[in-house]
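The following block contains a protein sequence and its predicted model.
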Number of protein chains: 2
Amino acid sequence: MPKLDDVARAAGVSKATASRALSGAAGVSPATRAKVQHAADDLGFRASGAARRLATGLTRTIGVLTPSVDRWYFGSVLHGIAHAADAHEHDVLLYDLGAFGRGGHEKFERFMRRGEVDGLVTITWSLVGGDLSRLAELGIPVATVGEPTPHSRSFCLDDSAAGEQAAEHLVRLGHRDLLHLSSETEVQPIDASSSDRRKRAFERVSARHGLRLRPVIVTPTSLEGSHLAAREILARRDRPTGIVASTDEVALGVLLAAHHLGIRVPEELSVIGVDDVPTAAAFGLTTIRQDPAQHGEDVVAWIMSALAQHPHGQPDTEPDRSHTSYAPVLVIRSSTAPPREPRG
Amino acid sequence: MPKLDDVARAAGVSKATASRALSGAAGVSPATRAKVQHAADDLGFRASGAARRLATGLTRTIGVLTPSVDRWYFGSVLHGIAHAADAHEHDVLLYDLGAFGRGGHEKFERFMRRGEVDGLVTITWSLVGGDLSRLAELGIPVATVGEPTPHSRSFCLDDSAAGEQAAEHLVRLGHRDLLHLSSETEVQPIDASSSDRRKRAFERVSARHGLRLRPVIVTPTSLEGSHLAAREILARRDRPTGIVASTDEVALGVLLAAHHLGIRVPEELSVIGVDDVPTAAAFGLTTIRQDPAQHGEDVVAWIMSALAQHPHGQPDTEPDRSHTSYAPVLVIRSSTAPPREPRG
DNA sequence: GCAGGAACCGGAACCGGTTCCACTCCCAGT
DNA sequence: ACTGGGAGTGGAACCGGTTCCGGTTCCTGC
C-alpha cells in the first residue's frame, strides 16, 4: 500500500508539496500538481483516513442516533441522510439505540465515549435512551429530525397543522362525530410526542366546531394493536362516523377492523391518517403526507453549512437552534366521504 | 481534552505503561493499573480513536453495503447488525447504495476509495450497484446476507425450502390449481434473486404433484403493483383456488385485490406469502417466516470470529466461503384453508 | 551466593498524513 | 541596481496513541 511519501518521491517533490497538491490546497504550481496527481494515480495511492483524521481532527463522518431503523419513518429519514451525506463525501455512522426495546441508554453512553463524528443528527429527541442535553457539550453541530426541540436545530412536520388538516377535512365533509385514535410512544414523554401534538390539534378542531366529545383512545404501537382497539370501538352501537388516526399505521388498523366488522369505508365510516406510507396508496387511505427522506437531506445540508462556517470546535456565536417545520399536505383518496346521515 | 501523556504524568508512569494499563494488556501490576485507571477517570480521559486507528490499523468499525434501508428486510438485517456490532464494541458505517434508484455504482466506488472498515457485510450481493468481486481484494472479512454466493461467506433463508413449504402447504390442504405470483427485482439478475428461487421451488412442487400449469406472473415491487396484478388475475372466471406469493408484500396485495373483488379469504381463495412481516399477523396471513435481524446478528458474529483469528490482513488459509441457510418455518394463520370444491 | 528468568516499566520509534515556518526564486517598482 | 513581496517548495514538528526493545528489580533453584 503506497503512502504519501512514495508518491512524493515518485513525483520528485516533498511530502508537504505532495499533500498540498492532492488535497487541492493553494500554493502549488499547476505543473507540479499534475505531476503529483499522475504519480498518485500511477501508484494507486489512497490516503489513509486514520492519518488524516489524526492530523486534521476531522472525521468526514456524520453520526446518526435513532431509536430504530426498521420502521418506515426512521428508515426513510436515514435514507435521506445517507444520500445527502454521500453527496458531500461524508460517511454515515449509525447508532441504532433501539429505545423501543431496552439497552438504548448503554448504546448512547457508548456513543458519548467513543463516537467520533463531525456532526450529529438524532432522529427524534426524547425517544432515544439517553440524556441528550449532553450532546451540546460535544462541540459539534447537532440537529434533530422528527420533533421540534429547544435544545438544538430541529426539523419536523408541523404536527399541529397536520392534525388540524386531518380533522378539518372530515368536518368539511360534514362529519360532526369524530374520534381520535393514536398510538402510544413507548419511551417518549407522552406530552412531547408527535402523536400528542396531533391529538391536541384534533381537540382544538373539536372545540372550534363544537363536535361531540369522545374519550381519547391510545393503542399500542403496531398494526395489530390499533386493529384490536379499533375493533372494540367500531363494534359499539354509537360508533363515530369518522376516525382521525395519528398515523397511517393506526389508520390501516382501523381499515382492517372495519373490514372484519363488515363496515364499509367510506360509506359508513371515514378514516384519515398521517404520513402517507407507501401502503397507504394501495389501501386508498386519505392521509396527510410528509416526506421524511427530505427531512434527512435537509438536516445534512444544515450540518454541512454549519461545518463550513466553523470548521473546528465551538462556534463563537450562539449555536443555531432554530426550527424548520414542514407544511403537511392533504392527500385525498377513497377512505373519506361525507357521512351517510349528517347530524347537527 | 486530556491525552494519554497527561494521564501518564498524573499517574506517575510512562505513556507506554499508561497505554498498557488502559488497554488491558498484560505486563502491568494491578497496583499500577488501578493508579492509571484512576487518573484516567479523574481527568475524564477518552482515547483518540484516530490515533488508535493510525497506530493499530484497526478501525473497530464494520461497514454495511445495502441497496436500501427503508424496506422491511434490509432494515431488519441492519437492525440486527447494529445490535450485534454494538455488543462487540464496534461501530457501524452505513453505505446506502440505493440501487433501487440510480447512483449506486458511484456510491460503491466511494466506498472502495475511502471506506475504512475492519469487516464488511453486503445485504444482498447482486442488488448493490458495483463490481462486488473487487471486495475480495480488500483483505478483510466479507460476508453477504440475503443471498447465497460463491464469492464470500453468506447467510440467507433457504428460499427453495421456503417456496416448497408454501406450495406444499396448499397442496396438503387439497389445492390442485395454484398460481405463483412474484415481484420483480429491479436491478438483480432475474435468475439469481430470492423470488426466482422461490418460484422455481414452486414449479418443482407443481411438477411433483401434477398440478395445473399456469403462466408465471411477475409484478412490480410494491404493494400497489401486486395489488393491481392480482386484481387482473382474480377477476378471471378460471382463477386459481390458491395463490403462492413470493413475499408477504405480494401476498398482501392479493388480499387487497380479493377484498375489492368481494372474494372471501380463505373460503374462496387461499393466499400464502413468505417473510412474516409485522403486518402479516394483523392480516391473518399464512406465511413462511424468516428472521432477518437474526441473520444480521449472525453475520456480525462470524465477522468477529474471523477478525479474532486473523487480527490483521490477509488470512493465510483459504477464506471461508461457506453458506449458512436458515430453515423456513411455516406460520399458519387464517388466509389458507381447503378449497371449496377440491378437484382431482 | 549466584546464575537465570520472569515480571514490570521507560525510552523511543513508529503509524501516515497536515501544516507552520523558513528559504529561494523571480519579477515589478523606483 | 536594489529592494519588497508573492509564489512555490522543503524541512520538520506536530496529531495521540501502540509497541518493540532494552533495562531494573526481585525471586527461584541449585
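Arrived safely. What you see is a predicted model, and the numbers here were worked out from it, not measured in a lab.

Residue A:3 is in contact with residue A:48, correct?
Yes - using C-beta atoms under 8 Å, residue A:48 is in contact with residue A:3, at 7.4 Å. C-beta coordinates here come from the backbone N, C-alpha and C atoms, glycine included.

Tell me the spatial nearest neighbour of the residue of the stretch 101-250 of chain A found nearest DNA strand C, not counting adjacent residues.
Using C-beta to the nearest atom of the strand, residue A:118 is the residue of the stretch 101-250 of chain A that sits closest to DNA strand C, at 13.7 Å. Once flanking residues are discounted, residue A:118 sits nearest to residue A:59: 5.3 Å by C-beta to C-beta, 6 or more residues apart in numbering or on different chains.

Looks to me like that neighbour is in a helix.
No - applying DSSP: H, G, I helix; E, B strand; the rest coil, one finds residue A:59 to be coil, outside a helix.

Just the pLDDT for it.
In the predicted model, residue A:59 carries a pLDDT score of 95.

try the one 4 residues further on
The confidence metric pLDDT takes the value 97 at residue A:63.

What count of nearby residues applies to it?
Counted with other C-beta atoms under 10 Å in any protein chain shown, the neighbours of residue A:63 add up to 24.

Phi and psi next, for it.
phi -90, psi 150 (degrees, to the nearest 10).

I'd guessed it sits against residue A:123; true?
No - using C-beta under 8 Å, residue A:63 is not in contact with residue A:123, being 11.2 Å away.

thinking again about what came up before, how many neighbours does the residue nearest to residue A:118 have?
By the criterion of other C-beta under 10 Å, residue A:59 has 21 neighbours.

again, but for residue A:62
Residue A:62 has 27 neighbours, counted by other C-beta under 10 Å.

cool, residue A:295 as well?
Residues near residue A:295, counting by other C-beta under 10 Å, number 25.

isn't it right up against residue A:325?
No - in terms of C-beta under 8 Å, residue A:295 does not count as a neighbour of residue A:325; the distance is 10.4 Å.

which residues do those two both contact?
A:155-157 (C-beta atoms under 8 Å, 6 or more residues apart in numbering or on different chains).

that older thread, the residue nearest to residue A:118 touches residue A:116, doesn't it?
Yes - taking C-beta under 8 Å as the definition, residue A:59 is a contact partner of residue A:116 at 5.3 Å.

quick one: common contacting residues for those two?
Shared contacts of residue A:59 and residue A:116 (C-beta under 8 Å, 6+ apart): A:53, B:50.

Using the three-state scheme, assign residue A:233.
Going by three-state DSSP: residue A:233 is helix.

what residues are up against it?
By C-beta under 8 Å, 6+ apart, residue A:233 lies in contact with A:179, A:181, A:217, A:239-240, A:243, A:257.

what are the ranges of the helices in chain A?
Remark: helices assigned in chain A by DSSP state H are A:4-11, A:15-23, A:30-43, A:49-56, A:72-87, A:104-114, A:159-173, A:194-209, A:223-235, A:248-261, A:278-282, A:292-309.

In TSV: those helices, plus distance to DNA strand C and mean pLDDT.
Putting those into TSV (distance: least, C-beta to the nearest atom of the strand, whole Å; pLDDT from 0 to 100) gives the following:
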stretch	distance to DNA strand C	mean pLDDT
helix A:4-11	3	96
helix A:15-23	3	96
helix A:30-43	10	96
helix A:49-56	3	96
helix A:72-87	20	95
helix A:104-114	18	86
helix A:159-173	43	97
helix A:194-209	41	94
helix A:223-235	50	94
helix A:248-261	47	95
helix A:278-282	42	93
helix A:292-309	14	96
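
In JSON lines: the ones you listed, plus distance to residue B:164.
Converted to JSON lines, the helices of chain A look like this (distance: least, C-beta to C-beta, whole Å):
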{"stretch": "helix A:4-11", "distance to residue B:164": "56"}
{"stretch": "helix A:15-23", "distance to residue B:164": "56"}
{"stretch": "helix A:30-43", "distance to residue B:164": "52"}
{"stretch": "helix A:49-56", "distance to residue B:164": "47"}
{"stretch": "helix A:72-87", "distance to residue B:164": "31"}
{"stretch": "helix A:104-114", "distance to residue B:164": "40"}
{"stretch": "helix A:159-173", "distance to residue B:164": "46"}
{"stretch": "helix A:194-209", "distance to residue B:164": "43"}
{"stretch": "helix A:223-235", "distance to residue B:164": "29"}
{"stretch": "helix A:248-261", "distance to residue B:164": "30"}
{"stretch": "helix A:278-282", "distance to residue B:164": "28"}
{"stretch": "helix A:292-309", "distance to residue B:164": "38"}
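
Could you say which one of these comes nearest to residue A:144?
Nearest of the helices of chain A to residue A:144, taken as C-beta to C-beta: helix A:292-309 at 8.1 Å.

Residue A:144 bridge partners, please.
Taking DSSP bridges as the rule, residue A:144 bridges to residue A:122, residue A:154.

Who are the contact partners of residue A:131?
Applying C-beta under 8 Å, 6+ apart, we find residue A:131 in contact with residue A:108.

Tell me the spacing between it and chain B.
The gap separating residue A:131 from chain B is 16 Å, by C-beta to the nearest C-beta, to the nearest Å.
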